[in-house]
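> fold the following, please.
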Amino acid sequence: MADMVRAAVQVGPRKIEIRELPRPKIGPDDGLLRVEANGICGSDVEIYKGHMRGDGGPFVPGHEPLGIVEEVGERAAQRWNVQPGDRVALEVIVPCRSCHNCLTGRYQSCPNRKYGHGVTPLDVEPGLWGGLAEYLYLTPGAVLHKVDASLPAELAAMFNPLGAGVRWAVHLGGAGLGDTVLVLGAGQRGIASVIAAKAAGAGTVIVTGLESDAHKLALAKEFGADHTVVVDGDGGVDVVERVREITDGAMADVVLELTPMATQPVTDALLAARHGGRVVLAGLKGNRDVPLKTDLIINRALSVAGAFGVDARAYAEAIAIIESRRFPLEKLHTHTFGLEDTALAIQTLAGEVPGSQAVHVSVHPNS
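Here you go, the predicted model:
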């Protein structure tokens, strides 16, 4: 058994080093995960560029880890209902499990959470908090979900983006039978929202994207989108007017604003929703100021929800969708990288590699 673990460590904006870190000693309450795959998402891109997280010191990135339980303490095995050899997916948040919020099901609001997968500094022992490493430390408060071991790792690793689609479109947006759903943004979570909305019975799904997103918009249609709208370039159209045209003036029952950094789509979301409609804001803007006319919300009787991550219910439903094999999710996965190419994996998802046309990208540290 090796005493050291190879890990990708981000030491600054656009600076990732492959280092060896001590393998954690496991006691009765914790465990160790052998990482099979870790999905890369837009947040990883923004963190890599230095737009998020700030100067929190070096850390092991990767907040979408999937792997095999390598070691587990006796009490931890009972708490998580796992044993060595089980395949599990990890949530980002590590709650305390004992405060009022945790005990009443609102563990994402836990005021005592100190750690999180893919964001905790290296100097917080034992350092292996992210999925971009051969092994990841399973702290006693970690939230685990069992996953079918027969699934290809790159598909099973989609639990996080698909979980976001389920939570944002269905749980927060309330998308249901016959609803018209507008998805602003054609990234992996936008397409995941299409899948979730269609699985919930949505009638018409509209997805927007940029001219450079042509391959993603085509995929959105394959997964059930009824209309796609390009919002820039020579063929770009006004999204609000296009929604009005598609719906004969009825507008959208549910609008999901998922675009990164751009501020105009927030206003578009409010204008494209019907009177009494539901708007979910999930696209981070890097703390930029967003021009907001609150009269739009009041006069249109809109319900607006902020989407903070994914919870256990959404993860469980997303994993069930993946395990059902109902959707050809393999079409979403475009790139697989080894640990040494972690920076390239992030750059590929960011669109910085010419001709890459990335949608879902994963790093497989032990491959």
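> and the host helix or strand of Ile195, what's its mean pLDDT?
Here Ile195, judged by DSSP states H and E, is contained in helix 188-199. For helix 188-199, mean pLDDT is 97.
> are there helices or strands packed against the worst-scoring helix or strand of the chain on mean pLDDT, and which ones?
Least confident helix or strand of the chain, by mean pLDDT, DSSP states H and E, is strand 115-116 with a mean of 88. Helices and strands touching strand 115-116, by 3 or more C-beta pairs under 8 Å, 6 or more residues apart in numbering; DSSP states H and E, are strand 93-94. (Each C-beta comes from the backbone N, C-alpha and C, glycine too.)
> partner strands of the strand it packs on, parallel or antiparallel?
Paired neighbours of strand 93-94 in the sheet (DSSP bridges): strand 115-116 (antiparallel).
> restrict the helix or strand that comes right after the strand it pairs with to CA atoms and write it as PDB.
Moving toward the C-terminus from strand 115-116, the next helix or strand (DSSP H and E) is strand 135-138. Only the C-alpha atoms of strand 135-138 are listed here, as PDB (Å, rounded to 0.1, in the frame of the first residue of the first chain):
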ATOM      1  CA  TYR A 135      -7.500   9.100  -3.300                       C
ATOM      2  CA  LEU A 136      -9.900  11.400  -1.400                       C
ATOM      3  CA  TYR A 137     -10.400  11.600   2.300                       C
ATOM      4  CA  LEU A 138     -13.900  10.800   3.500                       C
END
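> contacts for strand 135-138?
5, 23-24, 30-35, 62, 65, 67, 69-70, 72, 76, 90, 117, 126-130, 144 (C-beta atoms under 8 Å, 6 or more residues apart in numbering).
> report the buried members of those residues.
5, 23-24, 30-35, 62, 65, 67, 69-70, 72, 76, 90, 117, 126-130, 144 (16 or more other C-beta atoms under 10 Å).
> now do the helix holding Ile195: distance to the chain's middle.
Put simply, helix 188-199 sits 12 Å off its chain's centre (C-alpha atoms, centre = their mean, to the nearest Å).
> then stretch 332-351?
Distance, stretch centre to chain centre, for stretch 332-351: 15 Å (C-alpha atoms, centre = their mean).
> distance between the ends of it?
15 Å (C-alpha to C-alpha, to the nearest Å).
> and what of stretch 196-216?
16 Å.
> repeat for stretch 68-84
Across stretch 68-84, the terminal residues are separated by 7 Å (C-alpha to C-alpha).
> okay, now Lys285: neighbour count?
Other residues within reach of Lys285, judged by other C-beta atoms under 10 Å, total 17.
> in terms of helices and strands, where is Glu71?
strand 65-72.
> now that strand: average pLDDT?
Across strand 65-72, the average pLDDT comes to 98.
> not counting its neighbours along the chain, what's nearest Ala301?
Gly276 (4.8 Å; C-beta to C-beta, 6 or more residues apart in numbering).
> sorry, back to before: just the residues contacting the strand holding Glu71, thanks.
Applying C-beta under 8 Å, 6+ apart, the contact partners of strand 65-72 are 26, 30-39, 80, 82-90, 117-118, 130-131, 135-136, 138, 147, 153, 156-157, 159.
> what about 7 Å?
Residues from elsewhere that reach strand 65-72 (C-beta atoms under 7 Å, 6 or more residues apart in numbering): 26, 31-38, 82-90, 117, 131, 135-136, 147, 153, 156-157, 159.
> just stretch 211-224 next, same as before
Residues outside stretch 211-224 that contact it (C-beta under 7 Å, 6+ apart): 186-187, 190-191, 194-195, 198, 205, 207, 209, 228, 230, 232-233, 235, 327, 331-332, 357, 359.
> now restrict the contacts of strand 65-72 to buried residues only.
26, 31-38, 82, 86-90, 117, 131, 135-136, 147, 153, 156-157, 159.
> next step: the contacts of strand 65-72 restricted to strands.
Judged by DSSP state E, the subset of these located in strands is 31-38, 87-90, 135-136.
> CSV for those, including pLDDT?
CSV is the format used below for the ones in strands among the contacts of strand 65-72 (pLDDT from 0 to 100):
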residue, pLDDT
Gly31, 98
Leu32, 99
Leu33, 99
Arg34, 99
Val35, 99
Glu36, 99
Ala37, 99
Asn38, 99
Arg87, 99
Val88, 99
Ala89, 99
Leu90, 98
Tyr135, 99
Leu136, 99
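> adding distance to Asn101, write these out as CSV.
Putting these into CSV (distance: C-beta to C-beta, whole Å) gives the following:
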residue, distance to Asn101
Gly31, 24
Leu32, 28
Leu33, 26
Arg34, 32
Val35, 29
Glu36, 31
Ala37, 31
Asn38, 28
Arg87, 29
Val88, 24
Ala89, 23
Leu90, 20
Tyr135, 30
Leu136, 25
